[in-house]
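# What shape does this take:
(one chain, ligands or ions: 2)
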Amino acid sequence: MNSELKMDSNPTGAVQPRRRVDFNEAPVPGEGVESQSSSGRTPLKLATPYVLEARQLYKTYRKNKHAVPVLKGCDFTAVAGRTTAILGQSGSGKSTLLHLLGTLDAPDAGEIYFDGERIDQLPRRRRDRFRNNQLGMIFQFYHLLPEVSAYQNVLMPMMIQEGFFGYLKNRAQIKKRATELLTRVGLAHRMHHKPRELSGGEMQRAAIARALIAEPDLLLADEPTGNLDRETGAQILDLLAELNRERGLTIVMVTHDESIAAACDSTIHLEDGRIKA
Ligand code: ADP
Ligand code: MG
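Numbers count the residues shown, from 1 in each chain. Ligands and ions are numbered 1, 2, ... in the order given. Here you go, the predicted structure:
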């Protein structure tokens, strides 16, 4: 098995006590962004303890003559290797904030930094590189391609990232990693099934494997258990917590569930377009 997929930091799988985040604390060596990479990518060098930081974000949606102001000077920070919850009522702008953090949409004003580099106004190619190399995303409704298997869904980001010839050249290694990841998320027995043949929890496992295939440093999750029953949701949250511990993956998770937020290292409350103090 690939070394990065091993559960070495918590071999018993026991639930670990919740860590308190000290925002002035330096990143812990060996945690998160400094973890090894089988792809040979240069590990991140942290400029600040915040791997992801947004300052004074503004976002208004405009439809016909109606303006819907959603973010009104919203700040955000996430510490490398930790889990951060974005909590807020439905319609409070959680998804909007997550989309901005993931460069899927642009703020009207404000700045977003990843590892000290401004990412909210990157030229298209560098933005695509950020999304492909550093970022994994999962969603409430999984967003899997319906016509292909879980395995092929997991391979897809690598096909896009590597291009036709790159993928052909590296396909043995990529396929091995896809199989290992699907095994890791507990989907080895379902990997050749299409999404419609999978349960909600299995689809989210496939989506998590797909989000991790390019070995991202940051996982953004928008209500990843919002469409699952409590038990299945708890299993998905356990899986994310394990991945955070094993690989030091930085996770930012949107939720409207206080108990889910309580399981994260830190929580940010979104209210009236800003972070509630
Ligand atoms: P949350 O994820 O917290 O439920 P969202 O970020 O999805 O909230 O939405 C915040 C507000 O912005 C809501 O009032 C929603 O209707 C509105 N909104 C979201 N996306 C769009 C859009 N593309 N166009 C117009 N209004 C939108
Ligand atoms: Mg939402």
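# drop to CA atoms for contacts and neighbour counts, all remaining ones
Will do.
# quick one: stretch 129-145 near ligand 1?
No: for stretch 129-145, no contact with ligand 1 is found by Cα under 6 Å from any ligand atom; the gap never falls below 10.6 Å.
# Outside of that stretch itself, list whatever touches it.
102-103, 153, 157, 161, 195, 203-204, 207-208, 211-212, 214-227 (Cα atoms under 8 Å, 6 or more residues apart in numbering).
# Double-check residue 89 against residue 258; I have them as touching.
No: applying Cα atoms under 8 Å, one finds residue 89 not in contact with residue 258, separated by 10.5 Å.
# returning to what we had before: filter the contacts of stretch 129-145 down to just the ones in helices.
Of the contacts of stretch 129-145, the ones assigned to helices by DSSP state H are 153, 157, 161, 203, 204, 207, 208, 211, 212.
# Provide a list of residues in contact with the spatially most central residue of the chain.
When Cα atoms, centre = their mean is applied to the chain, the residue found nearest the centroid is residue 219 (1.5 Å). Contacts here follow Cα under 8 Å, 6+ apart; on that basis residue 219 touches 135, 136, 137, 138, 211, 249, 250, 251, 252.
# beta partners for it?
residue 136, residue 251 (DSSP bridges).
# ok, it to residue 212 distance?
Distance check for residue 219 against residue 212: by Cα to Cα, to the nearest Å, it reads 8 Å.
# Next up, the contacts around residue 256.
Contact partners of residue 256, counting by Cα under 8 Å, 6+ apart, are 87, 88, 89, 90, 223.
# For it, what are phi and psi?
Dihedral angles of residue 256 (phi, psi; degrees, to the nearest 10) stand at phi -110, psi 10.
# And residue 126, by the same measure?
Main-chain torsions, residue 126, degrees, to the nearest 10: phi -70, psi -30.
# Distance-wise, check it relative to residue 169.
Taking Cα to Cα, one finds residue 126 at 23 Å from residue 169.
# residues from this structure in reach of ligand 1?
Residues of the chain found near ligand 1 (Cα under 6 Å from any ligand atom) are 61, 70, 89, 90, 91, 92, 93, 94, 95, 96.
# what's in contact with stretch 176-191?
So stretch 176-191 is contacted by 1-2, 5, 149-151, 154-155, 198, 202, 205-206, 208-209, 212-213, 239 (Cα under 8 Å, 6+ apart).
# buried sites along stretch 92-106?
For stretch 92-106, the neighbour count (16 or more other Cα atoms under 10 Å) marks 92-103, 106 as buried.
# And for stretch 53-71?
Buried-residue list, stretch 53-71, by 16+ other Cα under 10 Å: 53, 54, 56, 57, 58, 59, 60, 70, 71.
# ok, and the closest non-adjacent residue to the fourth one?
In other words, residue 57. Spatial nearest neighbour of residue 57, excluding adjacent residues (Cα to Cα, 6 or more residues apart in numbering): residue 110 at 4.2 Å.
# All set now, cheers.
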